[in-house]
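[1] the following block contains a protein sequence and its predicted model.
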Amino acid sequence: MRIRALPFTLLLLFTTTATRQLLAQQETEEPQFTRETTPAPEISPSYQVCAAFELKPDSPIERNCQSLAQLATAGRWKEAKPLAEKLALEVPSNGVGSYWVGLMELQAGNTLSAFRQLDTALSLSPNVFWVHLNLGLCYALLRQYALFEKEMQWVMNKHPSQPLPYYYLGRHYAKTREDTDKGLALLQRAVNLNPADFRARYHLGYLFELKDRLGEAKAEYQQSFEGAMAYRSSYSWPLQGLARLCLQEANLAEALRYARKAVGLDPKLSENELLLARIYLQLGETDLAIASLEHAVGLDPSDPAPHYLLSRAYSQMKRSKEAEQSLAMYAEVKAAYGN
Amino acid sequence: METRGLRFWSAALLALLVPKLAWSANVEAYVIEPKPPQAQSREEFKAYLDMAQAQDPQKSIDLATRFVQQFSHSEFLAQVYRLKMHGYRSLGDAEKTIEAGEKARTANPFDVDTLLTLASVLPGHGADTDVEKTLERAEVYANRALQELSGLKASRAVSLSDWRAFLRRMKASAYESLGVVAFKREQYPESVKSFELCIQENPVAEGSQFFRLGVAYQYTGQKDRAIAALERAVAIGPEIVRAKARVQLEELQGTKP
């Protein structure tokens, strides 16, 4: 029997999620799980920002901006915030301060505040592509897709060599608009413009996988993983992709190796545990599967898939009461949050 | 039942109408719309956010009025009228709450928040000539809200326990409205059933709901239960409910053999 399933992914808007749909041999009637997770937006602070706002080179303002870029790039957002607020007061006619405050709000998950700040930045500095890009991200997070697309188009028209709008739009087309072909073309462009973008590579690989172009999918996953390693990132999605491809080839040992590696790299990602559990179930390691599934439930209580698989695993173990409870939870979680 | 007494009790019930709709403040944060309305311009989106974030109900109403004038074909119209409806409700203007609510319902006939708000406000504010028509509307809206509730989807930021509580509060609100409709139709046993369901569903005990149940019990001749429910109303409050429940209790206990 073919073990192919519809791995699934792509973020809400922009975050990844992984495959819910690996149909294990013994799970042919398993419902389709197609929901995705909503990880934090992938913000890209950059040293180029200060130049884009046309600050006087080597001025105190420009130096403050560079310090902010440094702190943001290092992920030291809390330290950066007062500096950004100070910058906004020091140069009220330039959008640079509001831009940085907006980016920090975005990073903190305060999307509406981020939108207000970035909107102010756009009014003050209407031609800075970083502002358009991150304002576009805010729109996407606020599910204002028409405005998101407009912002990405603006950046693509003015700065055709910038890869990020292709990346964001590619994911948007593949997921929200369900246009895999267009998503694929956009992600290919993003990868051509920035071959080191391991996230874009993963998503490109995923779309190849959806289209059954498995060789190309594998190549992208491998390059994505290598890219993530080069940046010492804990981005584990390409390992999941590789594990799925191994499952399709019925290579359970290799699938298990990749899935374990994914969990090791990012133990807080519920999809990693879920995939590992599916492999354990196929190997008949029901106890280990149950442990992984329980962990997955703890990591993401809004995902119905682990509850469903738990009910099957408990049934196999003749633990009928727990099986019933898990099935009831599956139904409730699915009704509340969808697949 | 004595006509004078009925009028008195009905008036007492109506005085407590326009309940606080405790779930209402959470709708935007808890519920994920499958197809969110799309703004076509930055200005339209900002105008909507300005209104949605306004703290002062009158300001929210004014911004809503301006929004409708400026963006008459906006996909946000259902939301805008809904915010306007809540603005008027906060100001205690039932007629305008209904007017804005009906516009919101026309724009989106399945919006549970709008349906429940209308169902809760309508029974006390229909013109005398078409009371039954008004009650029928309230009943239809409450029942439709109960149907639509099962299709609502939660934001993943909301825990399952909070979501359960949210849904139960909404259900309680629908049953409360159905109880009031039945009471006004003098269908007291039905009224008792609905108020009992309301209290059973509501995860947070509300004094006004116990008060209503107490009154409905009395109309079905269940004096002891009426006293117990009114005593709960006194215990829970708030003060306006407490005061009314005390008056009813005194009357009830005064007539005890």
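    Right, received. Where do you want to start?

[2] interface residues of the stretch 101-250 of chain B facing chain A?
    Counting by CB under 8 Å from any CB of the partner chain, the stretch 101-250 of chain B comes close to chain A at B:Ser150, B:Lys153, B:Ala154, B:Arg156, B:Ser159, B:Leu160, B:Trp163. Where you see a C-beta, it was placed from the backbone N, CA and C, and this is true even at glycine.

[3] all strands of the stretch 1-150 of chain B, in order?
    B:31-32 (DSSP state E, counting those that start in this stretch).

[4] pLDDT below threshold where in it?
    Along the stretch 1-150 of chain B, segments meeting pLDDT under 70 span B:1-23, B:25, B:126-129.

[5] coming back round to it: quick check: PyMOL command selecting the buried ones in the residues of the stretch 101-250 of chain B next to chain A.
    Here is the PyMOL command that selects the buried residues among those (16 or more other CB atoms under 10 Å in any protein chain shown):
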select buried, chain B and resi 154+156+163
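
[6] tell me which of the residues of the stretch 101-250 of chain B next to chain A fall in strands.
    Cross-referencing those against strands under DSSP state E gives B:Lys153, B:Ala154.

[7] quick check, nearest of the residues of the stretch 101-250 of chain B next to chain A to A:Ala200?
    Nearest to A:Ala200, judged by CB to CB, of those is B:Arg156 at 24.6 Å.

[8] show the pLDDT at A:Arg232.
    A:Arg232 carries a pLDDT value of 89.

[9] out of the residues of the stretch 101-250 of chain B next to chain A, list just those in helices.
    Using DSSP state H, the members of these that fall in helices are B:Leu160, B:Trp163.

[10] can you put the residues of the stretch 101-250 of chain B next to chain A in a markdown table and add distance to B:Leu122?
    Converted to a markdown table, these look like this (distance: CB to CB, whole Å):
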| residue | distance to B:Leu122 |
| --- | --- |
| B:Ser150 | 23 |
| B:Lys153 | 27 |
| B:Ala154 | 28 |
| B:Arg156 | 34 |
| B:Ser159 | 33 |
| B:Leu160 | 32 |
| B:Trp163 | 27 |
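
[11] out of the residues of the stretch 101-250 of chain B next to chain A, which one sits closest to A:Val91?
    Distances from A:Val91 to those, taken by CB to CB, are shortest for B:Arg156, at 38.4 Å.

[12] isn't that closest one right up against A:Ser302?
    Yes - the pair B:Arg156 / A:Ser302 is scored as a contact, 4.5 Å apart, by CB atoms under 8 Å.

[13] so what sits against both of these two?
    Shared contacts of B:Arg156 and A:Ser302 (CB atoms under 8 Å, 6 or more residues apart in numbering or on different chains): A:Tyr337.

[14] which one is B:Glu190 nearest to, not counting chain neighbours?
    By the measure of CB to CB, 6 or more residues apart in numbering or on different chains, the closest residue to B:Glu190 outside its immediate chain neighbours is B:Ala182, 3.9 Å from it.

[15] what sits against A:Val294?
    For the record, residue A:294 is Glu, not Val. A:Pro306, A:Leu310.

[16] in which helix or strand does it reside?
    In this structure, A:Glu294 sits in helix A:286-299 according to DSSP states H and E.

[17] now that helix: how far from the chain's centre is it?
    Offset of helix A:286-299 from its chain centre (CA atoms, centre = their mean, to the nearest Å): 22 Å.

[18] could you point out the helix or strand that follows it?
    helix A:304-316.

[19] for that next one, buried residues please.
    Those would be A:Pro304, A:Ala305, A:Pro306, A:His307, A:Tyr308, A:Leu309, A:Leu310, A:Ser311, A:Arg312, A:Ala313, A:Tyr314, A:Ser315, for helix A:304-316 by 16+ other CB under 10 Å.

[20] distance from that helix to the middle of the chain?
    26 Å.

[21] the helix or strand just after that helix near chain B at all?
    Later in the chain than helix A:304-316, the nearest helix or strand by DSSP H and E is helix A:320-337. Yes - for helix A:320-337 and chain B, the contact criterion (CB under 8 Å from any CB) is met by A:Glu332, A:Val333, A:Ala335, A:Ala336, A:Tyr337.

[22] tell me which of those is nearest to B:Gly87?
    Out of those, the member with the shortest distance to B:Gly87 (by CB to CB) is A:Ala336, at 29.6 Å.

[23] is it true that that closest one touches B:Ala165?
    No - counting by CB under 8 Å, A:Ala336 does not reach B:Ala165; the two are 11.9 Å apart.

[24] neighbour count for these two, which is higher?
    Shown here are A:Ala336 and B:Ala165; by other CB atoms under 10 Å in any protein chain shown, A:Ala336 has more neighbours (22 against 18).

[25] OK, contacts around the closest residue to that one other than its chain neighbours?
    Leaving aside its sequence neighbours, A:Ala336 sits nearest to B:Ala154 (CB to CB, 6+ apart; 4.6 Å). The contact partners of B:Ala154, by CB under 8 Å, 6+ apart, come to A:Ser302, A:Ala336, A:Tyr337, B:Tyr30, B:Val31, B:Ile32, B:Leu160, B:Trp163.

[26] so B:Ala154 bridges to which residues?
    Per DSSP bridges, the residues bridged to B:Ala154 are B:Val31.

[27] and it, how far from A:Asp300?
    13 Å (CB to CB, to the nearest Å).

[28] repeat that for B:Ala243.
    B:Ala243 is 48 Å from A:Asp300, by CB to CB.

[29] the two: who's more crowded?
    A:Asp300 (21 against 11).

[30] now stretch A:165-172, how far from the centre of its chain.
    Stretch A:165-172 sits 12 Å away from the centroid of its parent chain (CA atoms, centre = their mean).

[31] what does stretch B:36-52 give?
    Centroid separation for stretch B:36-52 versus its chain: 27 Å, with CA atoms, centre = their mean.

[32] what comes up buried for that stretch?
    B:Pro37, B:Gln38, B:Ala39, B:Gln40, B:Arg42, B:Glu44, B:Phe45, B:Ala47, B:Tyr48, B:Leu49, B:Met51, B:Ala52.

[33] closest one to chain A out of these, please.
    B:Gln38 (4.5 Å; CB to the nearest CB).

[34] from B:Ser208, how far out is the closest one?
    The value you get for B:Gln38 to B:Ser208, if CB to CB is used, is 39 Å.

[35] buried residues in the one helix or strand B:Ala182 maps to?
    Using DSSP H and E, B:Ala182 sits in helix B:160-184. Residues B:163, B:165-184 are the ones in helix B:160-184 that count as buried (16+ other CB under 10 Å).

[36] going on from it, what's the next piece of helix or strand?
    Helix B:160-184 is succeeded, C-terminally, by helix B:188-201 (DSSP H and E).

[37] now tell me what touches that following helix from outside.
    With contacts defined as CB under 8 Å, 6+ apart, helix B:188-201 is touched by B:168-169, B:171-173, B:175-176, B:178-180, B:182-183, B:205, B:209-210, B:212-213, B:216-217, B:219-220, B:222.

[38] cutoff 6 Å now
    B:168, B:171-172, B:175-176, B:178-179, B:182-183, B:209, B:212-213, B:216, B:219-220 (CB atoms under 6 Å, 6 or more residues apart in numbering or on different chains).
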